[in-house]
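[1] One predicted model, sequence on top.
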Amino acid sequence: QVQLVESGGGLVQAGGSLRLSCAASGRTFSNYAMGWFRQAPGKEREFVASINWTGGITNYANSVKGRFTISRDNAKNTVYLQMNSLKPEDTALYYCATPRLPFGGAPSGASGYDYWGQGTQVTVSS
């Protein structure tokens, strides 16, 4: 059974940084793309970043491009989201996700993912 556990969220001032982690278990991590999404109160879940199974393809939402970096460590079965220059509008519950099928690209739509974590809260104060 695939399990995803996020960590690293917290409260940070605007302009600060956080690094989110998502530990995966239940199958061969290195064969699957990973993605980060977020959902703010009263808003729909939105794509943040994704990385393909090799780590050679990454995608970012325009709102985070140049500030956030997604990476993966296959030896640790973990995907990371380094978030710099945080803004109050980055405040949300952040989820990691992975698709059911191996290999392929780095999907940017929620429909491309089948397994989701419980989320970690990121709050950015102004």
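    Looks like it came in fine. These numbers were taken from a predicted model, which means no experiment stands behind them. Numbering: from 1, shown residues only.

[2] Quick one: residues contacting the most centrally placed residue in the chain.
    Closest residue to the average C-alpha location of the chain: Trp36 at 2.2 Å, with Cα atoms, centre = their mean. Contacts for Trp36 were tallied using Cβ atoms under 8 Å, 6 or more residues apart in numbering; they are Leu20, Cys22, Val48, Ala49, Ser50, Ile70, Val79, Leu81, Tyr94, Tyr95, Cys96, Ala97. To be clear about C-beta, it is placed using only N, CA and C from the backbone, and glycine gets the same treatment.

[3] in the one helix or strand the first one maps to, what counts as buried?
    Looking back up the chat, that one is Leu20. Assigned by DSSP states H and E, Leu20 falls within strand 18-25. Of all the residues in strand 18-25, those buried under the rule 16 or more other Cβ atoms under 10 Å are Leu18, Leu20, Ser21, Cys22, Ala23, Ala24.

[4] partners of that strand in the sheet?
    Sheet partners assigned to strand 18-25 using DSSP bridges are listed as strand 3-7 (antiparallel), strand 78-83 (antiparallel).

[5] ok, then the element right after that strand?
    Note on strand 18-25: by DSSP H and E, the next helix or strand toward the C-terminus is strand 34-39.

[6] Identify the neighbouring strands of that following strand in the sheet and state each direction.
    strand 46-51 (antiparallel), strand 92-98 (antiparallel).

[7] Could you dump these into TSV and include distance to Asn62 and mean neighbour count?
    Listed next are these as TSV, based on distance: least, Cβ to Cβ, whole Å; neighbours: other Cβ atoms under 10 Å:
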stretch	distance to Asn62	mean neighbour count
strand 46-51	10	23
strand 92-98	16	24
